[in-house]
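J.: Sequence and computational prediction follow.
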Number of protein chains: 2
Amino acid sequence: MTMINGFTAEDAARLSETERALIERRARVLGPAYRLFYEHPLHLVKGEGVWLYDADGKRYLDAYNNVASIGHCHPKVVEALYEQAKVLNTHTRYLHEGILDYAEKLLATFPPELDQVMFTCTGSEANDLALRIARQYTGGTGLIVTQLAYHGVTDQIAAASPSLGAGVPVGDFVRTVRAPDAYRLGAENVAQIFADDVRAAIADLRRCGIKPAALLLDGIFASDGVLSDPAGFLQQAVAVAREEGLLYIADEVQSGFGRTGSHMWGYQRHGVQPDIVTMGKPMGNGQPIAGAVFRGEVLDAFGRTARYFNTFGGNPVSCAAANAVLDVIQGEGLMANCAAVGEYFKAGLQGLAERYPLIGDVRGAGLFVGVELVTDRASKAPATEATARVVNGMRERGVLISSAGPAANILKIRPQLIFQREHADLFVQTLEAVLKSLN
Amino acid sequence: MTMINGFTAEDAARLSETERALIERRARVLGPAYRLFYEHPLHLVKGEGVWLYDADGKRYLDAYNNVASIGHCHPKVVEALYEQAKVLNTHTRYLHEGILDYAEKLLATFPPELDQVMFTCTGSEANDLALRIARQYTGGTGLIVTQLAYHGVTDQIAAASPSLGAGVPVGDFVRTVRAPDAYRLGAENVAQIFADDVRAAIADLRRCGIKPAALLLDGIFASDGVLSDPAGFLQQAVAVAREEGLLYIADEVQSGFGRTGSHMWGYQRHGVQPDIVTMGKPMGNGQPIAGAVFRGEVLDAFGRTARYFNTFGGNPVSCAAANAVLDVIQGEGLMANCAAVGEYFKAGLQGLAERYPLIGDVRGAGLFVGVELVTDRASKAPATEATARVVNGMRERGVLISSAGPAANILKIRPQLIFQREHADLFVQTLEAVLKSLN
């Protein structure tokens, strides 16, 4: 199957000999399930701060990769990794201060009722574990997610990730609801519609003899198209879930660790209280660490009847990296930067929207930004083809982004938290040049 | 629930103030699902080669941890990690040589029909992905595993890991078969019994309307009690699975990367051909990297209809670490060492068996060794309580092992591949001292 912003064989003509050879090696040894970004894939050799460099020495402003969130190859993370890797790397069945120091620091970013954390290596594992625990706690199996959600790739979580496409069937235990899309449903309606949809999905699960376990929501609905506002729109749906005995799992793999600027966790913008929060990607700035935070009560029965051991989860090296990341976010004021530069950046994009009718909507929180492209502002018809041209045009001009949404017409923009005004300016100028070139 | 060789609150009396405080912090922030090894848990601060050091500076011969398989904090791995972490850490949607160099080197350790590899971060993810792909390929869902198998902790794989205990129900898609235990079933019978059990399990799945997808087997049946011989005992069962249209998935998370001495992969001792091989633990000597190797044909349909992206899976840093591990294993003759020292070590243990009737059986391959303790050699009654005393006695005397098997009466011994004769001698002397102290 194809993928939004994926390389396809039809694009092979523009490749260099070296790139063609690398792509052939990939197909031979990695098989058919791997994908590359862009019509002209990137061959990267170096990363530093907000910049990535290709094999020809060309520099790209990275406004997409939300893993190296405090900057590529951040020296404090690299040194923390190195210093711990030289001394000890074991697992959680021995006592070690590193995991406890980090766990306490991480939990301090949550309200007191979210008081226990378990570590995994990937966001997929975190969501899978959250689902296991929600099932045990509620005695149900059913799960509610949005129509184009992405939560990960384990068997059960892939079945709850409709954005993986028709080739990955949605599980019989899953019901999907329309994403809370204020641009299309109306800002004034979105909370009510979302709550009504959740209520209907719960009823449908019950009608099919499936007891619902949880409502699982991405804190900023990234794959649904970056749906951020109006802040608070989750409250009614979460209240419905709670009332009906479901747990609310906040998937903060994408929206967590300060990216939304105003809050450490994306769900907090909506003034709701999750039972479980999952996290991953930027947690170790590239080191594979992820986890889930729980209300203690939710974990209690699982912990009494089961045990959980993730060989690499919470190891001293990964915890050292994660600890450094949190120190940098908190110690260097990156959330404040993210909020301020995010506002400045969005204003720049809104300025473009005044001049380019292709831009139907600019939205987002902090440095998680969506720009929806439409062929007609009145009908809001998705400008799918133009979006692909913009994403690839930006890449050619040295700025990395991708797209999202049911019609792949929303620019998905996620610069590092260290993004500065000069980078926002460069982004806006480049986007304008690309928009001009479309005509 | 309790765990084999797990710390329980009853053991709290022997703890120091510091240890008690650490354990309290763990309970508070990590919750109830985490476990510690030993009656007296270890508080580790340093690792080097075959040695681990606790906070009091006491040294332990590590004959248990099969992750740091080429030695704790191996400088070549640490430097590879550091050098790559300084330069670039991204993901598989950009072109990068590191993953390809490693993939090619790794695939070269397999017969040519196993020609494609996919990377994950954990063995759990590798087994989960193998199951997803086996299901898509066969159109079935059923899975056959051994009675006390452990394959991982995702929702689906935990349901196929009966060793997790009664609190984690075996899935309705799973059938368990008796492990191929030559000591109890007889070396001459074990292959036939195992094949018959697999055939019966397939029939039972079908009788329940469940189409079987795969036979999933640990290459050395670690949690079932380290079942290694006679080499070849898998052939009939694998033939039955193949004949009935199931895939055979070799779980090499524990038995892979040279640990069995004679072969790079544990299943190879049995002269069988898997459709999928999963791997993990020692792959990055502690860096979270794992993966699955496939016959290309098995991957084909999955890759055409689905895509797979594991954010941290196959990243340049993890690949650099894994590449260094494979270089060390191959370049420093660690398999030959493992085979030679393994034989020497087993001979030493067999020497003890001649003098201590508690030892019912010494088995294993390379440096994966099982020592079964029985209260009576004729009846083979499991010496469960004595085994716990031996494991804890060894720990007190500075040697780390654990136990396994349905009655927790089998010493599970997995020293690093760099184990030398002097370490084997120290192990055997220590075990003898502990055995003497039992009376």
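T.: Here it is on my side, so go on. Residues are numbered from 1 along each chain as shown, chains lettered A, B, ... in the order given.
J.: buried stuff in stretch A:47-62?
T.: A:47, A:48, A:49, A:50, A:51, A:52, A:53, A:54, A:55, A:60, A:61, A:62 (16 or more other C-beta atoms under 10 Å in any protein chain shown). Yep, even glycine has a C-beta here, placed from its N, CA and C like the rest.
J.: first to last residue in it, what's the distance?
T.: 9 Å (C-alpha to C-alpha, to the nearest Å).
J.: What ranges in chain A fall below the confidence cut-off?
T.: Applying pLDDT under 70 to chain A flags the ranges A:1-2.
J.: from the buried residues of stretch A:47-62, which ones fall inside strands?
T.: In this view, the buried residues of stretch A:47-62 that belong to strands under DSSP state E are A:47, A:48, A:51, A:52, A:53, A:54, A:60, A:61, A:62.
J.: from these, which is closest to residue A:119?
T.: If you rank these by distance to residue A:119 using C-beta to C-beta, residue A:47 comes first, at 25.3 Å.
J.: What is the burial count for the closest residue to residue A:395 other than its chain neighbours?
T.: Nearest non-adjacent residue to residue A:395, counting by C-beta to C-beta, 6 or more residues apart in numbering or on different chains: residue A:38, 5.1 Å away. The local packing of residue A:38 (other C-beta atoms under 10 Å in any protein chain shown) involves 20 other residues.
J.: Tell me the helix or strand right after the helix or strand harbouring residue A:392.
T.: Residue A:392 is part of helix A:384-396 when elements are defined by DSSP states H and E. Sequence order places strand A:399-400 as the next helix or strand after helix A:384-396, per DSSP H and E.
J.: and residue A:435, what does it touch?
T.: A:352, A:356, A:358, A:390 (C-beta atoms under 8 Å, 6 or more residues apart in numbering or on different chains).
J.: can we see that at 10 Å?
T.: By C-beta atoms under 10 Å, 6 or more residues apart in numbering or on different chains, the contact set of residue A:435 is A:352, A:355, A:356, A:358, A:359, A:373, A:386, A:389, A:390, A:393.
J.: mind checking the longest strand of chain A?
T.: Chain A, longest strand under DSSP E: strand A:368-376.
J.: Does anything pack onto the next helix or strand after that one? Which helices or strands?
T.: Using DSSP H and E, the helix or strand that follows strand A:368-376 towards the C-terminus is strand A:381-382. On a contact count with 3 or more C-beta pairs under 10 Å, 6 or more residues apart in numbering or on different chains; DSSP states H and E, strand A:381-382 meets strand A:368-376.
J.: mind checking the SS state of the residue positioned nearest the centre of chain A?
T.: Central residue of chain A (C-alpha atoms, centre = their mean): residue A:254, 2.4 Å from the mean position. Of the three states, residue A:254 takes coil according to DSSP: H, G, I helix; E, B strand; the rest coil.
J.: That one and chain B: what is the separation?
T.: Going from residue A:254 to chain B by C-beta to the nearest C-beta, to the nearest Å gives 10 Å.
J.: Are the one helix or strand residue A:117 maps to and chain B in contact anywhere?
T.: Assessed by DSSP H and E, residue A:117 sits inside strand A:114-120. Yes: on the criterion C-beta under 10 Å from any C-beta of the partner chain, strand A:114-120 is in touch with chain B at A:115, A:116, A:117, A:118, A:119, A:120.
J.: for that strand, the distance to its chain's centre please.
T.: Offset of strand A:114-120 from its chain centre (C-alpha atoms, centre = their mean, to the nearest Å): 19 Å.
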